[in-house]
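Participant: 3D model of this:
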Amino acid sequence: MNIARLTYMGALVLACTTFTVQAQFGTYKDEEVSAGGATTTRSALYSGCKKKLWKDDLEPKEREQCLKVLDARARETVSGGGFTTLKADLEDECLRMSMTTEEVASCFKVQAALLPPLDTTRREEFGESYDPEKYLDCRMKNKPGLDDCNLYRLRRKPHPEYWPEPKLPRPVIPDGDKKVYRSGMSSEEYFKALCEAEAGEFIYKTVEDVEAVYQIRPREEPKGREGQDRYVLEAPYFFEGHTERAESYFHGPRPTQYPIFEKPNLGKNGELKSPPFLRYEGFGIKSPYGFTIERSQPPRETAELQSRYAFYWYGIKREMDRQLGVAGGDLVVVDLETNEVLALKRGFALAVTKNWGKSYSPTGISWNVGGVCPGTGKPPYPYMPVPYSDTTFVNRVLKPKNQHAKEN
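Facilitator: The predicted structure is shown next:
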């Protein structure tokens, strides 16, 4: 029995566990929307400028801002391929319920026209099936909400690093042995060979009583068909959502969490805002119904970091890796004052490369039900993912000084 099938049930358990944690500890992010020189939230727009998140009525000034955005969005247009659509419809993926058939068609035609051509010199930055013409053809022939069409427009997300001192040299990371591949290797053979040669957790130094930690490179959790493409994910080993919702895992009252968590203050399109950092400090939010929700308090913007220590991730490239459904990545813990690498976790993921049914993965690729290393390391599923292993790794290096936990 192959690794993928051995770890399939384990991956399903992990997915259910992750969903439960998200529901209990996740923080809902009400996305900001700007237009016409005004700013509001998406929940306010959806309510027709009557309500904001949960059930509160908009204040008069908030309603005024919302109406300005609503009016501007109704007039801003985008053109491409000889067609024009509303910018708001384009941002909503051409799926606004009140759109006519003609408006939907024009919107998708503009969307397809704005897609860049495939750059063969940067092949891994585009999905395996990337083709703007096929994307438009799929949209014209199918229902607007069909997710399979998105396979033809998938691209790798950039995920920039945000160092507090951008001009300082970056830490030097050992690159490992790139000569593991041998001609004729199967996917599983290559995966196991890389695991044996390079994978592991390498802790060079630990730090006690760490109060604050900074996330250098935030990452969006894979969405839609991204987890079913050979190239789009830079580091499929970090498939868990911890790097996107890091504040939910690293900040809180538990002994494994930090009193303060910091990350870049990013706008909707990934641009760094001013002040450049967000700080999560404090825990517990009063709900509209009178009880306290066990959730991080809203972050505050700050120009200076309190964190001395930080972590970041990136993908690594090995010969014939993606062709064989294998991909690697590093998670690095650093001292921002000395530029010292405190620890390195290097891992590899093996994708399912057989078609498990079109309803599950139309590409025949899936990164979340294959195998990973480091995994459990124990039979019968040595390559099954260990839940929260990335968070645990950072904890072993930067041991939290959690004042809330000690007081209790």
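
Participant: so which residues of the stretch 301-408 of the chain form strands?
Facilitator: For the stretch 301-408 of the chain, the strands defined by DSSP state E, counting those that start in this stretch cover 309-316, 326-335, 340-352, 366-373, 398-400.

Participant: could you give the mean pLDDT of the longest one?
Facilitator: It refers to strand 340-352. For strand 340-352, mean pLDDT is 94.

Participant: flag every buried residue along it.
Facilitator: Judged by neighbour count (16 or more other CB atoms under 10 Å), strand 340-352 contains these buried residues: V341, L342, A343, L344, K345, R346, G347, F348, A349, L350, A351, V352. Bear in mind the C-beta positions are built from the backbone N, C-alpha and C, glycine included.

Participant: TSV please, covering these and showing distance to P117.
Facilitator: Formatted as TSV, those follow (distance: CB to CB, whole Å):
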residue	distance to P117
V341	39
L342	43
A343	41
L344	37
K345	37
R346	34
G347	33
F348	32
A349	29
L350	31
A351	26
V352	30
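
Participant: K61 in helix, strand or coil?
Facilitator: When classified by DSSP: H, G, I helix; E, B strand; the rest coil, K61 comes out as helix.

Participant: how near is it to D71?
Facilitator: For K61, the distance to D71 (CB to CB, to the nearest Å) stands at 16 Å.

Participant: looking at the two, which one has more neighbours?
Facilitator: Neighbours per residue, other CB atoms under 10 Å: of K61 and D71, the larger number sits with D71, 13 against 8.

Participant: which stretches of the stretch 301-408 of the chain have low pLDDT?
Facilitator: Residue ranges of the stretch 301-408 of the chain with pLDDT under 70: 353-362, 402-408.

Participant: likewise for the stretch 151-300 of the chain?
Facilitator: 177-178, 239-244, 284-296.

Participant: and the furthest pair within the buried residues of strand 340-352?
Facilitator: Using CB to CB, the buried residues of strand 340-352 span at most 34.3 Å, a distance reached by L342 and V352.

Participant: my guess is E226 contacts V232. True?
Facilitator: Yes: using CB atoms under 8 Å, E226 is in contact with V232, at 5.0 Å.

Participant: got any residues that touch both of those two?
Facilitator: Overlap of the contact sets of E226 and V232 (by CB atoms under 8 Å, 6 or more residues apart in numbering) consists of L154.

Participant: the two: which is more packed in?
Facilitator: Counted by other CB under 10 Å, E226 and V232 do not tie: V232 has more neighbours, with 24 against 20.

Participant: checking my notes, that one in a helix, right?
Facilitator: No: assessed with three-state DSSP, V232 is coil; it does not lie in a helix.

Participant: how near is it to K157?
Facilitator: Separation of V232 from K157 (CB to CB): 8 Å.

Participant: could you do K263 as well?
Facilitator: Distance from K263 to K157, counting by CB to CB: 16 Å.

Participant: same thing with R396?
Facilitator: If you measure R396 against K157 using CB to CB, the figure is 29 Å.

Participant: show me where the protein has helices.
Facilitator: Assigned by DSSP state H, the chain shows helices spanning 3-25, 42-46, 60-73, 87-91, 101-113, 132-141, 187-197, 246-250, 389-397, 403-407.

Participant: dump the ones you listed to JSON lines, plus distance to P166.
Facilitator: Listed next are the helices of the chain as JSON lines, based on distance: least, CB to CB, whole Å:
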{"stretch": "helix 3-25", "distance to P166": "32"}
{"stretch": "helix 42-46", "distance to P166": "31"}
{"stretch": "helix 60-73", "distance to P166": "33"}
{"stretch": "helix 87-91", "distance to P166": "30"}
{"stretch": "helix 101-113", "distance to P166": "34"}
{"stretch": "helix 132-141", "distance to P166": "34"}
{"stretch": "helix 187-197", "distance to P166": "32"}
{"stretch": "helix 246-250", "distance to P166": "21"}
{"stretch": "helix 389-397", "distance to P166": "23"}
{"stretch": "helix 403-407", "distance to P166": "32"}
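
Participant: highest mean neighbour count out of those?
Facilitator: helix 246-250 (a mean of 24; mean count of other CB atoms under 10 Å).

Participant: what sits against A310?
Facilitator: A310 touches V213, Y214, Q215, I216, V333, V334, L336, counting by CB under 8 Å, 6+ apart.
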